[in-house]
Every structure is written in C-alpha cells, then in structure tokens.
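> below: sequence and its predicted model.
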Amino acid sequence: MVKSDIVWHQHTVTRESRESRLDQKGVVVWFTGLSGCGKSTIANELDRQLSELGRATMLLDGDNIRHGLCAPPERLAEEHSAEFADRFGLGFGETDREENIRRIGSLAALMASAGLITLTAFVSPYLRDRDRVRRIIEAGREGDFIEVFVDTPLEICEARDPKGLYKKARAGEIKNFTGISDPYEAPKSPEIHLDGGNGQTPAQQAAEVLEILKNRGIFAS
Ligand SMILES: Nc1ncnc2c1ncn2[C@@H]1O[C@H](COP(=O)(O)OS(=O)(=O)O)[C@@H](OP(=O)(O)O)[C@H]1O
Ligand SMILES: Nc1ncnc2c1ncn2[C@@H]1O[C@H](COP(=O)(O)OP(=O)(O)O)[C@@H](O)[C@H]1O
C-alpha cells in the first residue's frame, strides 16, 4: 500500500442501498475493438433496449469523452495555458491511451458504484490497460467487469470507414492509427465475444448482450 495523506472517506449511503433502490446491480460492460467495428452502435442500441426496460444506465463513448474529460491538447489550449494543455491533453500515443483508459476506468467504477449499468465504448487497444481497469472494478466486487470484444475484421472496418479515418491513416495523415500503424491487442478471454462480420444486426447483438446481463442477475426483467 502506498503511504499517503489522502484517506478514503466511508459514506453513509452504501452501494447496496443505491442498488436496492434501483432494483439492479451496478456493472461495467466494456466494449473494445477496432475503430469502425461497431462498438458505439451496439452499445447505443443496448443502452436503448435497457432504457426501454426501465433500467438505469449510462453510456461512455470514446468520441464524446474526448470532447471533455479526455480532451486533446488543442481543445484544452482554448481555455487553459499551453503548459496545462500539454500536460493534461490526450492524444493517441501509447501513454496517452493508457491515461485515457485510466480516467475512463475510474469514472466507470464510480458509475457502477452508483448502481448504474455502465456501458463503455473505447478502442482500448492494450491488454494491460483493460486488465488494469478490470482489476480496479473487480476489487469492488468480482464479476462486475464484463468485457465485450467486438471482433470485426480490419478489412470490414476499413471498408465501412464512416469517418474517413482509415483513408487518412493509409495516406499517412493520421499517426498511430489502430490496426494500421498502431497495434490492437485482442482480449484473450472476454466474457462476451461478438463476431462483427457475421451479418447480425447491431440490435441482435445488443439483445444477445442484454440476455447475458439478465442471466448474470444484473437485473430481473
Ligand atoms: N490514431 C487513432 N487511433 C484510433 N482512433 C482514433 C485515432 N485518431 C482518432 N481516432 C478516433 O478516436 C476514437 C478512439 O478514441 P478512444 O478514446 O476510444 O481510443 S483509445 O481507447 O484511447 O485507444 C475513434 O473512435 P471509434 O471509431 O468510435 O472507435 C476514432 O474515431
Ligand atoms: N453489426 C453491424 N452490421 C453492419 N454494420 C454495422 C454493424 N455495427 C455497426 N455497423 C456500422 O459500422 C459503422 C461503424 O460503427 P461504429 O459503431 O461507429 O463503430 P465504432 O464505435 O467501433 O467505431 C457504422 O456506420 C455502423 O452503422
């Protein structure tokens, strides 16, 4: 244990009482995969299906979180000093991705402890970074980190290319692009493995995840 002058404060309202009020268990459903594999679409559809059932959820998505909590230096420089922007702004180098996933992991852990079914959709290409989040979340309660590997072949992701990023990466206009000039380390034993190129619709894949959540006792109906 690291010695520190910062001491954890035990709150009166417990996680269990929050979960009991919501009649569900807080959990983190962590989608990972290449850009364009379908993470955001499936997570968004799952969020919709859960909301329709009256479940309390939150969806954290890479593109959106990088507008605020994990903004790039250029964005921070609009409001802060150049030194601040350089120090806290995040790009796509290995260490920046590590910090991105660390911040999101902490946020997701807080949301799960508030009793929310927390869905995250980040490329999160490094095994070590995802496993670190798993350890933090499972330190709270085992089984609370559900990794969903959206396993769509690079060729399909590149053919979809909804934001034109693969085209730019191939042209050398984007550095460190996952799958092209940066690695993607696939999960070794994800709780859920979705085949993104098998012709199933995002709604069908979301329904599959929903069924697994139900079977794990996250919520009853
Ligand atoms: N170099 C590089 N590599 C990968 N992705 C890139 C890059 N530059 C920009 N983008 C866009 O940023 C989105 C990925 O952000 P994440 O926060 O999910 O990335 S990471 O988890 O820190 O690896 C990713 O979103 P998705 O396409 O939804 O995955 C891209 O739109
Ligand atoms: N199961 C699927 N079948 C066909 N197309 C899909 C499927 N899932 C996602 N897509 C399409 O692929 C593109 C990329 O999906 P997106 O969810 O933005 O991926 P990611 O968040 O992983 O970058 C979108 O145009 C989306 O409509």
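That came through, no problem. Numbering: from 1, shown residues only. Ligands and ions are numbered 1, 2, ... in the order given.

> and ligand 1, is the helix or strand of the chain with the lowest mean pLDDT touching that?
Of all helical and strand segments in the chain, the minimum by mean pLDDT, DSSP states H and E falls on helix 62-65, at a mean of 91. Yes. Using CB under 6 Å from any ligand atom, helix 62-65 comes into contact with ligand 1 via Gly62, Asp63. No exception for glycine: its C-beta is placed from N, CA and C like everyone else's.

> could you do stretch 126-144 as well?
No. Remark: stretch 126-144 sits outside contact range of ligand 1, by CB under 6 Å from any ligand atom, the gap being at least 7.9 Å.

> what about that stretch, distance to the chain center?
Chain-centre distance of stretch 126-144: 12 Å, with CA atoms, centre = their mean, to the nearest Å.

> tally of neighbours for the residue of the chain found nearest ligand 1?
Closest residue of the chain to ligand 1, CB to the nearest ligand atom: Gly62 (2.6 Å). By the criterion of other CB atoms under 10 Å, Gly62 has 18 neighbours.

> leaving aside the residues next to it on the chain, what's closest to it?
Once flanking residues are discounted, Gly62 sits nearest to Phe122: 4.6 Å by CB to CB, 6 or more residues apart in numbering.

> one more: Leu127?
Of all residues not flanking Leu127 in the chain, Glu185 sits nearest, at 4.4 Å (CB to CB, 6+ apart).

> got the phi and psi for that neighbour?
When read as degrees, to the nearest 10, the backbone of Glu185 gives phi -100, psi 110.

> circling back: close to ligand 2, is the least confident helix or strand of the chain?
No. Judged by CB under 6 Å from any ligand atom, helix 62-65 makes no contact with ligand 2; its nearest approach is 7.1 Å.

> list the buried ones in that helix?
When burial is assessed from 16 or more other CB atoms under 10 Å, helix 62-65 yields the following buried residues: Gly62, Ile65.

> and if you look at stretch 139-152?
For stretch 139-152, a neighbour-count test (16+ other CB under 10 Å) marks Asp144, Phe145, Ile146, Glu147, Val148, Phe149, Val150, Asp151, Thr152 as buried.

> OK, contacts around the first one?
Going back to what we said before, that points to Asp144. Residues near Asp144 by CB atoms under 8 Å, 6 or more residues apart in numbering: Lys25, Gly26, Val27, Val28, Ala112, Ile137, Glu138.

> and the fourth one, what are its bridge partners?
Partner residues in beta bridges with Val28, using DSSP bridges, are Thr118, Phe145.

> how about the contacts made by it?
Per CB under 8 Å, 6+ apart, neighbours of Val28: Ala108, Ala109, Met111, Ala112, Thr118, Thr120, Val133, Ile137, Asp144, Phe145, Ile146.

> looking at those, state which has the most neighbours.
Counting by other CB under 10 Å, top hit in the contacts of Val28: Ala108 with 28 neighbours.
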